[in-house]
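1. Take a look and give me a structure for this.
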Amino acid sequence: MTMNRNQYPCVEFDLDKLAANLAALVERCHDSLIEVAGVVKAVSSLPEIVRVYEESGVKFIATSRISQMRAIREAGICKKPLMLIRIPMLSELPDVVKLCDISLQSDIIVLRALNEEAKKQGKVHEVILMMDLGDLREGFWNEEDALDAALEIEHELKNLRLAGVGVNLSCYGSVLPTKRNMQGLVSLASDIEREIGRKLDYISGGASTSAYMAMNGTMPYRINLLRLGDIGLRGETDNFAPDFLETGVMTIKAEVIECRDKPSFPVGELGVNAFGEVGHYEDRGIRRRALVAMGRVDYGNCFDLIPRMEGIEVIGASSDHTILDVEAVKDKVHVGDVLEFGIKAYGPMAYLTSSDGVHMVFKGGKQNA
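-> Numbers count the residues shown, from 1 in each chain. From the prediction side, this is the model:
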């Protein structure tokens, strides 16, 4: 939800910083002959964010959910091609063809059904075949299966066009992009090109965790498409924190609803918390503690929050409360104060922007000029 007055908790987006990050990423990728698919799933494809991506130099607007694709189409805010980056369910293929220009695919049964649906709608739908290079999420595991699928698309599935091959890394198995696995993808693409007798448009070398290879010149030259979202929004990834990106695109604001001295170790017989977890507590004596009115249902993991005020420490959270140690804060914290937080992971973005209890605020950008 968008707010026009002080309502908390909220996420404030600095659209100028986002635009600057996207411009810097696109420029550096283009220097390496790499196009960018701008991924907006982490912020639930918020229209205000999609507009910034649309005005940047990205090649595609990409997201993972058909519901978000539909919202983008219905809002009329995007003229760039739309890319579906979650391999689709059979049940949603009519919408895939209707709403998306290109999609990631990894199953021949789905590809055949997709071809039939594209034929019904009188369209030719572009696909990128995904290869699993060790992260163990989506993708063909055997190269022979990928080659067979490519040949079938090229010669039999006339309402599909094989646009390229791709890989996903780091999202499930924590496997990092390397010269070795990127070169493996290039080798697969070359084998497919030899079999079908033409060049592929795209060899997509992953998402934000692959960005550092494009920036430091270690990406194999034939990788020519990256799917970037997290790095533009956070200004960094877990393996890459470039000095040319802004890290303050998102600011979380939450209001203090209680502040007093309390023991730091629970008093009484201990069991499990509201989430069925056994807590770990350190006895530090009596400490000044503050509660803010947001919790795990709003952002996921409280330890992914970064307090902006010096001296604040995140202690824990329940579904609707976040507990802070404010003993070391120089200026006293009071009920009614609004505290600011950054984030150090992808998860809070997805939670916060899809929570009905968190308000969205936008500053800067052409739409607010």
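2. quick one: contacts for residue 202?
-> For residue 202, the contact set (C-beta atoms under 8 Å, 6 or more residues apart in numbering) comprises 35, 128, 163, 164, 165, 166, 224, 225. C-beta: built from backbone N, CA, C; applies to glycine.
3. can we see that at 10 Å?
-> Residue 202 makes contact with 35, 37, 59-60, 102, 126, 128, 163-166, 189, 223-225 under the criterion C-beta atoms under 10 Å, 6 or more residues apart in numbering.
4. Please tell me how far the residue nearest to it when sequence neighbours are not counted sits from residue 128.
-> Once flanking residues are discounted, residue 202 sits nearest to residue 164: 3.2 Å by C-beta to C-beta, 6 or more residues apart in numbering. According to C-beta to C-beta, to the nearest Å, residue 164 and residue 128 sit 5 Å apart.
5. do the same with residue 256
-> For residue 256, the distance to residue 128 - C-beta to C-beta - is 48 Å.
6. Kindly report the same for residue 179.
-> With C-beta to C-beta as the criterion, residue 179 and residue 128 are 21 Å apart.
7. More neighbours: the two, which one.
-> Legend: neighbour count by other C-beta atoms under 10 Å for residue 179 and residue 128, higher for residue 128 (27 against 11).
8. Off-centre distance for the helix or strand containing that one?
-> Using DSSP states H and E, residue 128 falls within strand 125-131. Mean C-alpha position of strand 125-131 versus that of the full chain (C-alpha atoms, centre = their mean, to the nearest Å) differs by 20 Å.
9. and it, what does it pack onto?
-> When contacts are defined as 3 or more C-beta pairs under 10 Å, 6 or more residues apart in numbering; DSSP states H and E, strand 125-131 packs onto strand 82-84, helix 93-99, strand 102-105, helix 108-120, helix 143-155, strand 160-167, helix 179-196, strand 202-204.
10. Next, the angle helix 143-155 makes with that strand.
-> With axes from the mean of the first three to the mean of the last three C-alpha atoms, to 10 degrees applied, the angle from strand 125-131 to helix 143-155 works out at 170 degrees.
11. Can you show me the CA trace of strand 125-131 as CSV?
-> Provided in CSV are the C-alpha atoms of strand 125-131 (Å, rounded to 0.1, in the frame of the first residue of the first chain):
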residue,chain,number,x,y,z
HIS,A,125,6.7,-17.5,-27.8
GLU,A,126,10.4,-17.2,-27.0
VAL,A,127,12.1,-19.5,-24.5
ILE,A,128,15.4,-19.8,-22.7
LEU,A,129,16.4,-23.3,-21.8
MET,A,130,17.7,-23.5,-18.2
MET,A,131,20.6,-25.8,-17.3
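12. and it with helix 108-120, angle?
-> Computed by the same axes, to 10 degrees, the angle between strand 125-131 and helix 108-120 is 170 degrees.
13. Use 40 as the first number from now on
-> Sure thing, new numbering starts at 40, so read that last one as strand 164-170.
14. and residue 341, how many residues sit next to it?
-> Residues within reach of residue 341, counting by other C-beta under 10 Å, total 21.
15. Let me see the contact set for residue 175.
-> Residue 175 touches 207, 210, 211, 212, 213, 214, counting by C-beta under 10 Å, 6+ apart.
16. If we use 7 Å, what do you get?
-> Residue 175 is in contact with 211, 212, counting by C-beta atoms under 7 Å, 6 or more residues apart in numbering.
17. That one falls within a strand, correct?
-> No - assigned with DSSP: H, G, I helix; E, B strand; the rest coil, residue 175 falls outside any strand and is coil.
18. and the spatially most central residue of the chain, which of the three is it?
-> The chain has residue 81 as the residue nearest its centroid, 3.7 Å off, counting by C-alpha atoms, centre = their mean. Assigned with three-state DSSP, residue 81 falls in the helix class.
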